[in-house]
Structures are given as C-alpha cells and as structure tokens.
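In: Sequence plus the predicted model coming up.
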Amino acid sequence: MHELFRKKRLEIIVEGALVETVLGMLDREGATGYTISSASAGRGDAGRWQRDDITPALGRATILVVAKEDVARRLAEAVYDLLADHAAMILLSDVEVFRDADY
Amino acid sequence: MHELFRKKRLEIIVEGALVETVLGMLDREGATGYTISSASAGRGDAGRWQRDDITPALGRATILVVAKEDVARRLAEAVYDLLADHAAMILLSDVEVFRDADY
Amino acid sequence: MHELFRKKRLEIIVEGALVETVLGMLDREGATGYTISSASAGRGDAGRWQRDDITPALGRATILVVAKEDVARRLAEAVYDLLADHAAMILLSDVEVFRDADY
Amino acid sequence: MGFFDAALANLLTPMILAFGLGLGAGILRSDLSIPEAIGKAMAVYLMFAIGLKGGVAVNQQGVGVDLVLALIVGALLSFFLPFLAVALIRILSPATDVATRAAVAAHYGSISVVTFLTAAEFLRLSGVVFEGFMVAVVALMETPAIIAGLWIARRGGVGSRVSNSSSLYREVLLNGSVVLLLGAFVIGWIVGPVGEGDVKAFFDAPFKGVLTLFLLDMGLLAASRIRQAGGIPPGLVVYGIVMPVLSAAIGGVLGVLIGLSTGGVVLLAVLSASASYIAVPAAMRLALPQANPGVYVTLSLAVTFPFNVVIGIPLYLWVAETLL
Amino acid sequence: MGFFDAALANLLTPMILAFGLGLGAGILRSDLSIPEAIGKAMAVYLMFAIGLKGGVAVNQQGVGVDLVLALIVGALLSFFLPFLAVALIRILSPATDVATRAAVAAHYGSISVVTFLTAAEFLRLSGVVFEGFMVAVVALMETPAIIAGLWIARRGGVGSRVSNSSSLYREVLLNGSVVLLLGAFVIGWIVGPVGEGDVKAFFDAPFKGVLTLFLLDMGLLAASRIRQAGGIPPGLVVYGIVMPVLSAAIGGVLGVLIGLSTGGVVLLAVLSASASYIAVPAAMRLALPQANPGVYVTLSLAVTFPFNVVIGIPLYLWVAETLL
Amino acid sequence: MGFFDAALANLLTPMILAFGLGLGAGILRSDLSIPEAIGKAMAVYLMFAIGLKGGVAVNQQGVGVDLVLALIVGALLSFFLPFLAVALIRILSPATDVATRAAVAAHYGSISVVTFLTAAEFLRLSGVVFEGFMVAVVALMETPAIIAGLWIARRGGVGSRVSNSSSLYREVLLNGSVVLLLGAFVIGWIVGPVGEGDVKAFFDAPFKGVLTLFLLDMGLLAASRIRQAGGIPPGLVVYGIVMPVLSAAIGGVLGVLIGLSTGGVVLLAVLSASASYIAVPAAMRLALPQANPGVYVTLSLAVTFPFNVVIGIPLYLWVAETLL
Ligand SMILES: Nc1ncnc2c1ncn2[C@@H]1O[C@H](COP(=O)(O)O)[C@@H](O)[C@H]1O
Ligand SMILES: Nc1ncnc2c1ncn2[C@@H]1O[C@H](COP(=O)(O)O)[C@@H](O)[C@H]1O
Ligand SMILES: Nc1ncnc2c1ncn2[C@@H]1O[C@H](COP(=O)(O)O)[C@@H](O)[C@H]1O
Ligand code: NA
Ligand code: NA
Ligand code: NA
C-alpha cells in the first residue's frame, strides 16, 4: 500500500477567450501543471450559452490544477483578482494523490 | 486573502436524451446555473457505451451544479425522483468558492 | 429525503494510448463501472500537449470511477503500479451517492 | 439476371466493400475510426442531397394521388409493422421483457435512411427508375412506429414518468432527420432543376463517394455493436433476419397494390424491412428507459442493417423483377 | 428588374431556402444540428476558396490605385462606422450601458464574411461582375472597428485589466479568418489560373453547395439566438435593421466615389452593412467583459445577419443598379 | 530542369504554399486552427483515395515479381533504417538517452503517408509516372520499424510493463492507417476502373484541394511543435535533416536495383526519408514511456516533415532524373 497525500483540486471554469491569459498567470505563479477540458453548454446570470462554431470565444473550458494547499490557494487568489470583472467560476476542493513530489 | 465559502458540488451524469428534461427540472427547482460537459464512453451494469454519430441519444453528459448545501440537496432529490427508472449517476461533494452570493 | 452514502471518486488522467490498458485492469479488479471524458490540452514536467488530429495517442482522457472506499483504494493501487513509468495522474476524493448498492 | 448475380453486383460496389472493410476492421479491433462529427456531417449531407434530388424530381414529374397513396401506405406500415414485430418476438424469443419487446418493435416499424440511400444507389446502378417522392415517404415513416411502440409498452404497463415531457414530442415530430429530409425535399421542389444546377456539383457528383465513406463508418459502428452482442439471445438474432424479410414482402405487396413502379416497390419493401437506429433509440431512452438499448440498437445496427445492405436489397429487387 | 423580383430571385436560391430551413427548424426547437467542427470546417473552406478566387482574379486583372483606394476606404469605414453606431444606439436605446454600446458599435464597424460570400454568390447569379480584390478589403475591415470600439469604451471608462494582454493583439491582428482570407488571397495571387486549376475541382464547383449547408447551420445558430433574444430591448432590434441600411448607403456612396464597378459598390455596401460575430466577440469578451454578449452577438447574428441575407443584399443591388 | 527550378515548381503549388501559410500562421501564434475531427477526416479521405487509386492501377497493370520485390525491400528498409538512425544519433547527439534514441529510430524507419501523398502529387504535376502498387509498400513500411525500435530499446534495457499487452500488437498490426490504405487498395483492385467510376468524382477530382487544406493543417501543427521545440538539442535537429537524405539515398539505390521506374524510385526514397508521427508515437507511448515524445514527435513533425515536403521531394526527384 502506497501512502496518499492530501492536495487541493483547483478548477477554473472560464471563457475560451480567456484561457491563454489564465494559463499564463498559472505558469507565472508556479503551478506544476494543469489539464484543460472543454464544457459544451451552461447557464448562469448572463443566460444560457452553448459551444458553437460561429463564436468559439463564448465557449467555456475547465482548467484543472492539483497543487499543495498553499499553492492552490495562492493560484486561486491570483486568478480571482485577474478575472475580477469576468464571469469565471473558481472551485477549490480536497483530493488525495500518491506522488507527493509532483504537485 | 479573500474568504472562501463552503458549497456543494452536484454532478449528474445522464444520457443525452434526458439532458433537456433534467435542465428543465433544475431551472424549476431554482439552480442559479449549471455547466454541461460531455462524456465520451463508459461502462456500467447495462454494459459499455461509446458516444458515436449514429445514436447520439445514448451518449452521456455531465451536468455540474454548484449550490448551497440545502439547495444542492433539494436539486439532487428532485433529479433522483425524476430519473428513478433511468440509469443516471448523481454525485454530491464538497467544494469552496470565493463568491458566496453567486451560488 | 433519501439517504446519502459516502463513496470514493477515483479519477485517472492518462494518455489515450493507455486508456484501453487501464480499463482492462479496472474490469479485472472489479470496478462496477466507469465514465470516460477527454481532456483537450495540458502542461506538466514533460511540457505542454494539445489534443490534435495528427498524434491522437498523445491526447489525454479522464477515467472516472465511483466506488466503495476499499475498492477505490485497491483500484488506485493497481493502476498506480500498472502505470509506474507512465505519466498518469491518479486522484482520490470523497463523494456521496444515493444508490448504495450500485458502487 | 439471377439473384446471385444481383447480389454479387451489389457486393462488388465500392460502397458495400467499404462497409465490409469497416466491419472487418472493427471486428479485428483495429483502431481505425471516423470522427463522430464527420459521421454526423456525412449523414446530414446524404439526407439533404437525397431530399433535394427527390424534390427536384417531383418538381418535374409533378405529383398526384400516387404520392398521397404512398404516404398513407407508408404511415400505415410504420404504425402496424410493430404489432407484427411483437408477435414475432413472442414466438422467437418469449423471454424478452415487455419494455424491450415494445422498443424493438418500434425500431422495426420505423426506417433506416442509410439503407434507403444504399438501395436507391443500387437501383440507379441497376438502371431501375423509382418515384422521386419516395423520399417524402422515408420522412413520414420515421415516427408513427414510435407511437405504436409506446402504446404497446403502455398497454404492457411500462413507460417513464418523463415520457409525457415535451422533449418526447419534439423527438418524435421534429426529429432532425425528418426535418432535414422534408426540408431538402421542399427546397428541391421549389427550386427545381434550374436551382439545383447551382449546387449539383456538390450534392450530386460526390454522393456515391460520401456514401462509401459513410458505409465504412457504419461498418465500424456495426462491428463495435457486434463485439458487445454477446448478450443477445439467438431467438432475437433470428428475428433480426426474419422480420425484415416478412416486412419487405408486406411492403412490397402494398407497393404493387398502389401501383408504384418496380423501383418504388423495391424501395417501399426496403423501408419496411429497415430498422431505425437514430430517431427511435432517442425516443425509447426517453420514454421507455426500462428497455435494453444493448438489445434494440444492436439488433437494428448489427443484425438487420448488414443483412439488408448486403443480401436484402438485391433480394428484394430480384424478387420484384422476377414477379413484376 | 424591380426590387421584389430581385428579392424573390435571392429568396428562392437553395442557399437562402436552406437558411430559412435552419431558422425554422431552430425556432421550432428541432434537434437538427450540424456538428461544431463541421461548421468551422465549412467556414475555413469558404474563406480559403473565396480568398483564392480573389487572388487569382487579381493575378489576372493586376491591381493599381483602385485596390489601394478600396483598402483605405474599407479601413476608414471599419473604424468610423462604430461612431455612427454609438450615436444611433444613444437615440434608439438610451438605456444601453456604455460597455455594451461600445461592443455593439465594434461589431457593426467590422464585417461578416458569410454575408459577403452570400452577396458575392448572389451577384454571380445575377451576372454582376466585381473586383477580385474585394476579398482583401474584407480581411482589412475585420479589425479597425475593434480598436474604435475599445477606444470608445475606454473613453467611457470601461475595459478589462487583461485587455492589455498580448492575446488581445493576436486576436485583433492575427485573427484566424483574417490570416486565412489574406493567406489564400496571396496564394491565389502567386499561383494564378494555372495553379488554381489543380484545386479548382475542390474549391470552385462545390462552393455553392457548401455555402448552402453552411447557411443551414447559420439558420440553426441564429434561431437558437432568437429563442434567447427575449432580453433585447426593441430599440436595439430597430437599430439592428436601421444601422445596416445607413451603413450600406455610406459604404455604397464611397464605393461610387472611388470608382468601383457596380458589383464592387454593392459588396462595399454589404460589408459596411454586415456585423461581425466571430472576431469581434472574441476581442470583446477579452477586453470588454462588462459588455453583454447576449446583446451584441444576438443583434448581429439573429437580427442583422438574417436581414442582410434575405432583404439587404437584393435591396443594395437593386438600389445600385437603379442609380448607377 | 535544374534542382532550383524543380524546387521552385514544387514550392509554388497551392499545396506547399498552404503548408507555408499554416506554418507562418502557427509561428506567429494566430488563432487559426482546423478542428481535430476535420484533420482526421481529411487524413481518412486522402488515404482511402490514394489506396483506391493504387488498387485500380494494379487492377489494370497487373502485378508480378516487381510488387513482391518492392514489398520485401520496403519491409527491410523499415526494419533496418532504425539501426542507421541509432548510429547517427550516437554521433550527432551522444547525450540522448537510450529510450528516446530507440523511439526516434523507430519513427525514421517508419513512414509519413502525407509526405508520400505530396510526393505522388508532385510527380503527377511533373509528369513522372510510378507503380500503382507503391501504396501497398507504404502500408507495409509503417510497422516493421516499431519492432526494430522496441528491440533496440529492450537491448538497451528499457521498456514498459504494459508493452506486452495486446493493445500494442493491435497498434502495430491493425493500426488504422495501415488497415485503411490496404483496405482501399484491395477495394480498388477488386472494383477496377469501372467501379472506381462511381466514386471518382469524390475521390479523384477534389483530391488536390483536400490535400491543400490538409497541408495547411499540417503547417499549423508543425508550427505549434516548433514553438515548443526549445528543448531539442541542435545535434538532433541536424540529425532530422541528415537522416532523411541518407535514407533517401539508400532507398533510392535499392529502388533502382529492383528495377522500379524513376517515379517508383523517387517514392521509395521519399518513404525511406519520411518519418512517422501517427502510428509510431502511439506505439512508443505504450511500450516505451521513458522516451520523450517532445523529442521524437517534434523531430519528425517539425523538422523532417517540412524538410522533405519543401526541399527533399524535389531534391530526390532531381537526383533521380539526373542519374537515371
Ligand atoms: N451555480 C452554477 N453551477 C455550475 N455552473 C455555473 C453556475 N453558475 C454559473 N455557472 C457557469 O458559469 C457560466 C457563467 O456564469 P454567469 O456569470 O452567472 O452567467 C455559466 O454560463 C455556467 O456555465
Ligand atoms: N461506478 C461507476 N463509476 C463511474 N461511472 C459509472 C459507474 N457506474 C456507472 N457509471 C456510468 O453510468 C452509466 C450507466 O450505468 P449503468 O446504469 O450501471 O449501466 C455507465 O455507462 C457509466 O458511464
Ligand atoms: N499539477 C497538475 N494539475 C493538473 N494536471 C496536471 C498536473 N501535473 C500534470 N498534469 C497533467 O498530466 C500530464 C502529464 O504530466 P507530466 O508527466 O508532469 O508531464 C500533463 O500534461 C497535464 O495534463
Ligand atoms: Na421498417
Ligand atoms: Na460593418
Ligand atoms: Na522512413
């Protein structure tokens, strides 16, 4: 049985137009890595959206970062400030991993 | 440092044919929003499935809702009853967000 | 109000080339099911990757398994050993479900 | 020519060979695959093209009572064939549960557009003409079977509480392929040969080639179904071959009675014989969740579709030409 | 011919009928849909094809001061029309917030390639010739409006802290459609008719057919916007129809002044009248997040695009032919 | 004609210019992109078309010992070139780790279908004929190099515990592109010119145009690799250019020895010179995870592919025509 280590899962759900900007910020703030997957539709205060071929910029993607608690917190803060006036979701939750050193 | 607020993450994994029905229910039950992403394949008691171009209705999507504990619980119950005889997965977990008012 | 039951959410983020291998292992180890969704891009120690049409094998997918704590733990160990020298992410977290028997 | 010559002629077209290639590659578990979006796009192209062509034909030939008769007969076939299906399943595989039986029945009342397309191409290659309005019959036959199937299910005491949701009716009445076929048909009717001229280079010449790649894809998908088909009881596999032959006979006879051309008779037989795997599964998952998709989709996609495309179509044509 | 004949001639092409089909299917909430990847692929194909064609034309006709003049006028239109837009919105819908007003303005200074394509096809069908270099004008007109819009916004005290990021400039200067149009244009210019010969069978003959399916898709997308358009104040809907007409008038007059052919005048009018829904939304989400995309995308996609494609294009041609 | 004329003639085709456009757009980080599904679909189309064409040619020309010889020589080249590669890497970039060295070697023994397609088109444009069965050689050369590479790796003591899984053998033997090329080849062989007639309008005429868009996509993908290529040691970049030239020489000489036509010689040289970026990376990730994909994919896609397509192909043709 290998040991498990507690980390934080940071998820940032943001418009396609902003992904590159957020990734740049994550790199600068020292994320060891990230994984991006794209959402297909959604609804919020600003109404419904749907990924389509005509206005890709309005589609949304989820950026997943697994990191040490303090790092995850710092990244979350940085992204939150960066996207203050953008409609982005920032979610933090607990997760366990085997490879302590990797995150 | 901004404060973080505990919310619930509700995930509903359901067949494409049922997504609209579930969304209608979520709207009625007062979800502040949701984000949909599509799964590509899976296996369960009913065997394997794979998203394909011939029978899209059998593909599955994940509906993510972040909400206050009580709301999330209510939504989960409503969807559970709605999909009683459908093969749907309903998952609840903890998550933290910055914007308390949004969810 | 239906009762909720604590389970584990096991997520395996792995290269497309390895998905079938991992699924085979999950079946053998007795997972009751799994759901696969594909990631679109990412970065890690080995640099950036992006799902593209020329080298699909380098794209990554997320394999989600919900299971009883002990089962999830066993599956995670098995996959960890299987992918020892591959760049895979294995994440474990808490989740609640209605259908105790299903997982 | 004899049946075997007809069958061989059909078998040796690039289309059917491509279907065989896909089937073989899939069964050997090659990683060959056609992206989902492409399969869907080819379907849209093929349906739009066939609808347009049919409409243009009607624009030239005009229509009369024959169209009306064909539509009525088509709708009746779609609605009543499910009852034959239920009876047949009761005999060949008594163990099948009510829900699955009703769902399978609905699939066989409805139709498969690709089977129709393949048959139409085969008729062209064989120099057999048919009525342009048959496309409208295709569109009309998609849905009555769903009503019949759900009625059978409800009588059997199964169904879903979401089934009365508006989405079901949308699924049934505004199903994408119905809208596309009818829409293109009407467009072709309106613009006629002149307007068609503008887009012929896209919708006419490449048609057979696109159908070839589409059948390659169908072969791959059918194979992945076959690989998972372990669960299907032999009785139902037999059903998947007997049912289309019976339906073709019924459809063909009715086609003769309403005075369709030989080509039209064959197409009506093919439509009766073909089983849906697009519109109907969607409706069934919604309204009849207790039914097992592993059974009904596998039957229509992995048993009946290959049978019709490889053997059925030339068989129905041969019979028609021999008897008419 | 009179305006109504022109309008009818336009309306009854397969392209416009397909747009209507998509619009209808979408509004009735049919599940008909074209995969995202396919829509994007068709756009790439259409832009490459039109760019190539324009470049080949220039390779033959050569260019002179007329191209330069057209480019200058196009850039000026793209930059200054937003100011007209702002004034018009102030009048027709005073309640609109600064950010949204600036964003909408940017969209109307910029252009819609599909509207241009449809107009070019309509001219061909009507036997009206135009300058091949108009494609270069299309590419050039995409972006100055973005600068103008952001300038208006900043003057109004709104903007985003990420807007100074390099990604915005990439968005503005290296936007995919600009690169594609100009790239294909240059390729056509270099290879000329001979080189074009190699690829004509792919980029020329099927063009109208692809445009037909693309307009079907546009109809579906416009419809889904219309369904969500509840929030749009009537004043802005009026703006979405008045603005293109005014812009077309200005663009047309300038086109005459710089001595464009009738076809060229119509195309410059169409470009002025059309509103962006690809490049500009991306830039606005990035640099002007406070602006409501539900308003600006809906206006250009669900109001102005259909108006231009169905009524605007034949109207502008009719006016041009009547006056010139 | 001299080499520079040949190179220029190649450079100024729409295909190569489109590749340059994609390369430029990608390096400037334009957001221009071709949807993944479309790139894959174009690859399927191109492979099916070239396979079909080759099969039809064989159906007419018949085959004899020449085909057998070409297949044997192709297989030998694919298996033994990796050993040359290893030696070369040892010299040019000694620091490279065992796993990466073996993986890179495997890529250069295998082939790139697109490079082959581009070469075949260039030969057609230059009016140089070649044997139809070369397509079969393409399919056969894809995989022996994988065995060689893994053998080299295992000898060096690296590999993965999952590598003995069945999925590897499927990857190696039933790789999608192999199945597609061979399948279409066989179909073409069976149906011959008559059957091909049905689908020629789709698989023949638009071929060059599709290849043009596909090379645009390849340019974009190569560029995104180049942007990340920082890590590649210069010695390996040199390898990425020296290796194809050496391999082409060897392949060409063998082609002459077995009596291929000038066109056939050039294609065998091109196949030897080209490096895989589809089948082999998949196998390497599975069986040789320690090898760095950032190195081997970048080398074949961002260094060797552009070199072959822009300079290599005309170079090999020029040499062949000069010496033969
Ligand atoms: N409560 C929620 N749960 C899940 N996703 C949400 C929620 N609220 C907003 N979103 C997502 O965030 C996007 C923007 O939200 P909004 O700014 O409220 O329009 C929405 O379109 C959804 O995709
Ligand atoms: N234990 C599980 N973990 C993750 N996904 C599951 C699990 N069980 C079922 N699923 C998903 O839910 C779908 C339907 O499950 P079932 O009704 O058991 O066939 C499956 O095809 C999977 O996509
Ligand atoms: N900290 C992280 N958070 C999220 N995803 C990660 C992280 N580290 C690695 N990944 C993903 O795992 C892949 C392989 O990681 P690596 O082996 O470090 O290159 C990356 O390309 C990412 O997609
Ligand atoms: Na039927
Ligand atoms: Na404009
Ligand atoms: Na090689």
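Out: Received the coordinates, thanks. Ligands and ions are numbered 1, 2, ... in the order given.
In: From here on, just use CA atoms for contacts and neighbour counts.
Out: Will do.
In: Listing request: residues of chain D with sub-threshold pLDDT.
Out: D:1, D:161-167 (pLDDT under 70).
In: Enumerate the residues of it near chain B.
Out: D:36-40, D:160-162, D:165, D:167, D:221, D:228, D:277-278, D:281-283, D:285-286, D:289-290, D:292, D:294 (C-alpha under 8 Å from any C-alpha of the partner chain).
In: taking these one by one, which sit in strands?
Out: Of the residues of chain D next to chain B, none are assigned to strands by DSSP state E.
In: Out of these, which end up buried?
Out: Among the residues of chain D next to chain B, those buried by neighbour count (16 or more other C-alpha atoms under 10 Å in any protein chain shown) are D:36-40, D:160-162, D:167, D:221, D:228, D:277-278, D:281-283, D:285-286, D:289-290, D:292, D:294.
In: Near chain E, list only the ones from the residues you listed.
Out: Answer for those near chain E (C-alpha under 8 Å from any C-alpha): D:37-38, D:40.
In: between these, which is nearest residue E:207?
Out: Nearest to residue E:207, judged by C-alpha to C-alpha, of these is residue D:38 at 18.7 Å.
In: Give me the distance between that closest one and chain A.
Out: Distance of residue D:38 to chain A, computed by C-alpha to the nearest C-alpha, to the nearest Å: 14 Å.
In: try residue D:276
Out: 27 Å.
In: measure stretch A:74-93 end to end?
Out: 14 Å (C-alpha to C-alpha, to the nearest Å).
In: Give me the contacts around that stretch.
Out: A:8-15, A:22, A:25-26, A:29, A:31, B:1-2, B:94-98, E:160-162, E:289-290 (C-alpha atoms under 8 Å, 6 or more residues apart in numbering or on different chains).
In: same question for that stretch, mean pLDDT?
Out: On average, the pLDDT along stretch A:74-93 is 93.
In: wait, residue A:37 sits on residue C:51?
Out: No. Contact criterion C-alpha atoms under 8 Å: residue A:37 and residue C:51 do not qualify, at 10.2 Å.
In: Tell me the residues that contact both of these two, please.
Out: Contact criterion C-alpha under 8 Å, 6+ apart; residues shared by residue A:37 and residue C:51: C:39-41.
In: between these, which is nearest ligand 2?
Out: Distance to ligand 2 across these (C-alpha to the nearest ligand atom) is lowest for residue C:39, with 16.5 Å.
In: SS state for residue 49?
Out: As the question left the chain open, I've gone with chain A. strand (DSSP: H, G, I helix; E, B strand; the rest coil).
In: Count the neighbours of it for me.
Out: 20 (other C-alpha atoms under 10 Å in any protein chain shown).
In: Ok, residue A:95 next?
Out: For residue A:95, using other C-alpha under 10 Å, the count is 21.
In: what about burial for the shared contacts of residue A:37 and residue C:51, which qualify?
Out: Buried, going by 16+ other C-alpha under 10 Å: C:39-41, out of those.
In: Those residues in strands, which ones?
Out: Going by DSSP E, the strands hold residue C:41 from these.
In: how about the buried ones among the shared contacts of residue A:37 and residue C:51 in JSON lines, adding distance to residue D:323?
Out: Listed next are those as JSON lines, based on distance: C-alpha to C-alpha, whole Å:
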{"residue": "C:39", "distance to residue D:323": "58"}
{"residue": "C:40", "distance to residue D:323": "58"}
{"residue": "C:41", "distance to residue D:323": "61"}
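In: Among the buried ones among the shared contacts of residue A:37 and residue C:51, which one lies nearest to ligand 3?
Out: residue C:41 (6.4 Å).
In: of the contacts of stretch A:74-93, buried ones?
Out: Looking at the contacts of stretch A:74-93 with 16+ other C-alpha under 10 Å, the buried ones turn out to be A:8-15, A:22, A:25-26, A:31, B:94-98, E:160-162, E:289-290.
In: which residue packs closest to residue D:120, ignoring adjacent ones?
Out: residue D:267 (7.3 Å; C-alpha to C-alpha, 6 or more residues apart in numbering or on different chains).
In: pretty sure the one you found is touching residue D:118, no?
Out: No. Between residue D:267 and residue D:118 there is no contact under C-alpha under 8 Å: 10.2 Å.
In: what about these two, which has more around it?
Out: Neighbours were tallied for residue D:267 and for residue D:118 using other C-alpha under 10 Å; the higher tally belongs to residue D:267 (32 against 23).
In: dump the residue contacts of that one.
Out: D:116, D:119-120, D:134.
In: Dump those into JSON lines; add distance to residue D:24 and secondary structure as well.
Out: What follows is the contacts of residue D:267, written out as JSON lines (distance: C-alpha to C-alpha, whole Å; DSSP: H, G, I helix; E, B strand; the rest coil):
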{"residue": "D:116", "distance to residue D:24": "23", "secondary structure": "helix"}
{"residue": "D:119", "distance to residue D:24": "22", "secondary structure": "helix"}
{"residue": "D:120", "distance to residue D:24": "25", "secondary structure": "helix"}
{"residue": "D:134", "distance to residue D:24": "32", "secondary structure": "helix"}
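In: Among the residues you listed, which pair sits farthest apart?
Out: D:119 and D:134 (11.9 Å).
In: Show me what the lengthiest strand in chain A is packed up against.
Out: Counting residues, the longest strand found in chain A (DSSP E) is strand A:5-15. Strand A:5-15 makes packing contacts with strand A:60-67, helix A:69-82, strand A:89-97 when contacts are defined by 3 or more C-alpha pairs under 8 Å, 6 or more residues apart in numbering or on different chains; DSSP states H and E.
In: As CSV, could you dump the C-alpha coordinates of the helix or strand of chain A with the lowest mean pLDDT?
Out: When each helix and strand of chain A is scored by mean pLDDT, DSSP states H and E, strand A:47-50 comes last, with a mean of 85. Presented in CSV, the C-alpha positions along strand A:47-50 are these (Å, rounded to 0.1, in the frame of the first residue of the first chain):
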residue,chain,number,x,y,z
GLY,A,47,-28.2,33.4,-19.5
ARG,A,48,-27.6,30.2,-21.5
TRP,A,49,-24.6,29.6,-23.7
GLN,A,50,-23.7,26.8,-26.0
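In: Which residues of the stretch 1-150 of chain D lie near chain E?
Out: Counting by C-alpha under 8 Å from any C-alpha, the residues of the stretch 1-150 of chain D near chain E are D:37-38, D:40-41, D:44.
In: swap the cut-off to 6 Å and go again
Out: residue D:37 (C-alpha under 6 Å from any C-alpha of the partner chain).
In: Which single residue in the stretch 1-150 of chain D comes nearest to ligand 1?
Out: Nearest residue of the stretch 1-150 of chain D to ligand 1 (C-alpha to the nearest ligand atom) works out as residue D:37 at 22.9 Å.
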